[in-house]
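Visitor: no sequence on this one, just coordinates:
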């Protein structure tokens, strides 16, 4: 099945927005065994959009558009496509109701242009968008399928994953089985290097690595029509993965390290507290991104100044004077004292130099100490991270989640 | 002049590579005053590439391709385009010499397929590529210009910047001046609604709105050949913007709200402290993303449990019992007590229900109280945010930055 992705938005053509949508959709569609043959981008221009859809309709079986479904005058995707295929736009009462509710809940004033989003081409299916106000739309036309998705990436991925993927997998007769291995504490090139013999000779299964911040996701995908044979094949590769990446695999899914660790803490009911200096609340905010974390997380202290380290974390003045704020000793006092203050089973502390200022020959930018105090034992890890300020903060948080997992798994297994 | 960018490479269609080239070129071409009207991506497939070039040739004046100029069998851009316009490929002795030199300098072994890169369509210009082995190529054909650039971003940008930009600027006499207005505390559709009279009749200047999380960026761009006249025109629109969005404009640039507020605090030397419940450290981590914030930020407390609210922020048990953790009263005690504990000029508190659990009819998910205590005066703002847990947290943080700016500006102006 030939697919074409049409992205609509002048912000893409003037380079204000990097087109991550087309990358996401291409990856996911390919993975589902579909051939993406074309990407086309046009601006918020009805004539050019119409022509692009006409061309796509001639050469592709599945056309997915992103963008142009919003409430404003320049959002025209639905209108153009409906007109091209002579379909009326009909107001959908259910969408209208949900939309009004959305605005009521936010106490936002409802402006008339929002009503535009309640209209749907006749005989089209509505794909619910729980993350925003513009629903997706699916139209079947002369044996082809046209799917219109909203432009904001969070909304687009949600509608695609929940409504489009099931439709595609239902239709295809070819089996595509993927297994995922998510690795932490290793770079993408190092991971790929360890897999080079397999990647260089790959036919079936195929192997792909995806680098995310602090994580490398390895996908191994087998194609065929015999489920059992595919799984036997994948089992062989799984044995290799386990042999080569035992230390690094934190989950056998796309689940992030952050989420894996949060779920682990909740599941094992291990209470945690954080004391952050250079990460300034990033670790706590990543913990609290997780629903249900309040079961185990009650206290975080951001001690960005020495004053606060002394006042709220009881770090001794002598320690700060003698060893400095960025030191093994300060990290140790921070987490050991925090454990008592917060009455938590596991206490984490972070102190380091995120930069760009504050570094020295002895203590350069990127130097970070992580303290983990768990069941009466404290472990301090000295790290050096490269990159700009925000990168140092992010890499520190990733390392902390990696270390928490190691600590919790070691002691409880 | 209508431009079209054609990217060639199967790695783009399967989602292995994020297309940063098209973003770079779009931004640079728009900045030079050219209209990029289409992006097209095809794989390493001669038939589809030929069709894409044919379509582009019908509708665009300048066609820029990226990719497919390398030495391997699937690099076909030059071959396809030369054949389409009936041009012979002729070996270029100068390129050959440089290529051999390139390999000698790097002690790379020269393989025969590299010779493919020394061939150029007849009557085409060679655009030197000092970063790689595939030179760019410029062809003029029936009043149109076709420029082929290499695919690797480092090589593409170098050839574009050094050889293509001078060609374009020489030709164009047109000036393009843009002004930016970044708005907070208003949605994109509401912002556009207030600009509809101007957007509906726009010719020159053009007006565009770009929604980011919690921000709406308005760009007004004027084209012409007289700088003074363009600025006079833009001044008229600026007066309208100030009249309609006085409350919302936080900066006359693309700078984010977070960055604007952090710089404001540092510049005015206003010390700040944070007490966060439902945002769990997000506000503090956004503050500490800013280099130099340690001058004004020393203390953040994440009081995720009632226990911590009492212990670290001295919120009274009676307050929590009587009004609940998510209440005006608790928000008030949190920020007023924090101000004393942290000895900060401005103290912010946040308490709310991020969801998905914990909501009730009286206090639904998305209900958030923000407290700001500044110079002895406390202001509590009750908010309702829609969306998932993380969205509620992000929207809360945006609102807090908006409120901090308002507070600081009101009192000091």
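Guide: Sure, I can see it. Keep in mind the model is a prediction, meaning the values are calculated, not measured.

Visitor: contacting residues around stretch A:244-253?
Guide: Contacting residues not belonging to stretch A:244-253 are listed as A:179-186, A:191, A:194-195, A:216, A:218, A:241-242, A:257, A:260-261, A:402, A:405 [Cβ atoms under 8 Å, 6 or more residues apart in numbering or on different chains]. Quick note: C-beta positions are derived from backbone N, CA and C, even for glycine.

Visitor: ok, now with 10 Å
Guide: Counting contacts by Cβ atoms under 10 Å, 6 or more residues apart in numbering or on different chains, the residues outside stretch A:244-253 that touch it are A:179-186, A:190-191, A:194-195, A:198, A:215-218, A:238, A:241-242, A:256-257, A:259-261, A:263-264, A:401-402, A:405-406, A:409.

Visitor: buried ones in it?
Guide: Taking 16 or more other Cβ atoms under 10 Å in any protein chain shown as the neighbour-count basis, stretch A:244-253 is seen to contain the buried residues A:245, A:248, A:249, A:250, A:251.

Visitor: okay if I get these as a markdown table plus secondary structure?
Guide: Rendered in a markdown table, the data for these read as follows (DSSP: H, G, I helix; E, B strand; the rest coil):
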| residue | secondary structure |
| --- | --- |
| A:245 | helix |
| A:248 | coil |
| A:249 | strand |
| A:250 | strand |
| A:251 | strand |
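
Visitor: now those residues in TSV, with distance to residue B:320?
Guide: What follows is the buried residues of stretch A:244-253, written out as TSV (distance: Cβ to Cβ, whole Å):
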residue	distance to residue B:320
A:245	47
A:248	44
A:249	43
A:250	37
A:251	37
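
Visitor: dump the residues you listed to CSV, plus pLDDT and distance to residue B:165.
Guide: What follows is the buried residues of stretch A:244-253, written out as CSV (pLDDT from 0 to 100; distance: Cβ to Cβ, whole Å):
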residue, pLDDT, distance to residue B:165
A:245, 96, 45
A:248, 94, 44
A:249, 96, 47
A:250, 96, 46
A:251, 95, 47
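
Visitor: so which of those residues comes closest to chain B?
Guide: Closest approach to chain B among those (Cβ to the nearest Cβ): residue A:251, at 19.7 Å.

Visitor: list the contacts of residue A:86.
Guide: Residues touching residue A:86, when contacts are defined by Cβ under 10 Å, 6+ apart, comprise A:121, A:122, A:141.

Visitor: residues contacting the second one?
Guide: In this structure, residue A:122 makes contact with A:82, A:85, A:86, A:87, A:88, A:89, A:90, A:139, judged by Cβ under 10 Å, 6+ apart.

Visitor: quick one, which of these are buried?
Guide: A:82, A:85, A:87, A:89, A:139.

Visitor: next, the buried residues of stretch A:9-29.
Guide: Going by neighbour count (16+ other Cβ under 10 Å), the buried part of stretch A:9-29 is A:9-19, A:21-29.

Visitor: can you put the contacts of residue A:122 in CSV and add secondary structure and pLDDT?
Guide: Output for these, formatted as CSV (DSSP: H, G, I helix; E, B strand; the rest coil; pLDDT from 0 to 100):
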residue, secondary structure, pLDDT
A:82, helix, 97
A:85, coil, 97
A:86, coil, 96
A:87, coil, 96
A:88, coil, 96
A:89, strand, 95
A:90, strand, 95
A:139, strand, 96
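
Visitor: does chain B have contacts with stretch A:204-221?
Guide: Yes: using Cβ under 10 Å from any Cβ of the partner chain, we find that stretch A:204-221 touches chain B at A:206, A:208, A:209, A:210.

Visitor: returning to that earlier point: ok, and which of the buried residues of stretch A:9-29 reach chain B?
Guide: Of the entries in the buried residues of stretch A:9-29, the ones placed beside chain B under the rule of Cβ under 10 Å from any Cβ are A:9-19, A:22-29.

Visitor: of the residues you listed, which belong to helices?
Guide: If you go by DSSP state H, these have A:10, A:11, A:12, A:13, A:22, A:23, A:24, A:25, A:26, A:27, A:28, A:29 in helices.

Visitor: what are the ranges of the strands in the stretch 1-150 of chain A?
Guide: For the stretch 1-150 of chain A, the strands defined by DSSP state E, counting those that start in this stretch occupy A:2-8, A:35-42, A:62-66, A:89-91, A:119-121, A:125-127, A:136-141, A:144-149.

Visitor: chain center to the third one, what's the gap?
Guide: Averaged C-alpha coordinates place strand A:62-66 at 22 Å from its chain's average position (Cα atoms, centre = their mean, to the nearest Å).

Visitor: any idea of the pLDDT on the residue nearest to residue A:292 when sequence neighbours are not counted?
Guide: The spatial neighbour of residue A:292 that comes closest, neighbours along the chain excluded (Cβ to Cβ, 6 or more residues apart in numbering or on different chains), is residue A:266 at 5.6 Å. Predicted confidence (pLDDT) at residue A:266: the value is 98.

Visitor: now do the helices in the stretch 251-400 of chain A.
Guide: Along the stretch 251-400 of chain A, the stretches classed as helices by DSSP state H, counting those that start in this stretch are A:257-268, A:282-288, A:306-313, A:317-323, A:328-342, A:389-412.

Visitor: can you put the ones you listed in JSON lines and add mean neighbour count?
Guide: Supplementary listing: the helices of the stretch 251-400 of chain A in JSON lines, determined by neighbours: other Cβ atoms under 10 Å in any protein chain shown:
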{"stretch": "helix A:257-268", "mean neighbour count": "19"}
{"stretch": "helix A:282-288", "mean neighbour count": "28"}
{"stretch": "helix A:306-313", "mean neighbour count": "20"}
{"stretch": "helix A:317-323", "mean neighbour count": "13"}
{"stretch": "helix A:328-342", "mean neighbour count": "23"}
{"stretch": "helix A:389-412", "mean neighbour count": "20"}
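
Visitor: could you list the low-pLDDT ranges of chain A?
Guide: Chain A contains residues with pLDDT under 70 at A:106-108, A:172-173, A:211, A:411-413.

Visitor: domain map for it?
Guide: According to automatic domain parsing, chain A is divided into the following domains: A:2-171, A:175-251, A:257-412.

Visitor: and those domains as CSV, adding distance to residue B:157?
Guide: Rendered in CSV, the data for the domains of chain A read as follows (distance: least, Cβ to Cβ, whole Å):
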stretch, distance to residue B:157
domain A:2-171, 13
domain A:175-251, 22
domain A:257-412, 20
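
Visitor: to residue B:280, which of the ones you listed lies closest?
Guide: domain A:257-412 (2.6 Å; Cβ to Cβ).

Visitor: show me how far the closest one is from its chain's centre.
Guide: Averaged over its C-alpha atoms, domain A:257-412 has a centre that lies 23 Å from its chain's centre (Cα atoms, centre = their mean).

Visitor: mind listing the strands in the stretch 151-300 of chain A by residue range?
Guide: If DSSP E, counting those that start in this stretch is used as the criterion, the strands of the stretch 151-300 of chain A fall at A:175-184, A:206-212, A:215-224, A:249-251, A:272-276, A:297-303.

Visitor: hmm, what's the outermost residue in chain A?
Guide: Most distant residue from the mean C-alpha position of chain A: residue A:318, 42.8 Å away (Cα atoms, centre = their mean).

Visitor: got the contact list for that residue?
Guide: Applying Cβ under 10 Å, 6+ apart to residue A:318 gives the contacts residue A:329.

Visitor: quick one: it and chain B, what's the gap?
Guide: Here the criterion is Cβ to the nearest Cβ, to the nearest Å. By it, residue A:318 lies 20 Å from chain B.
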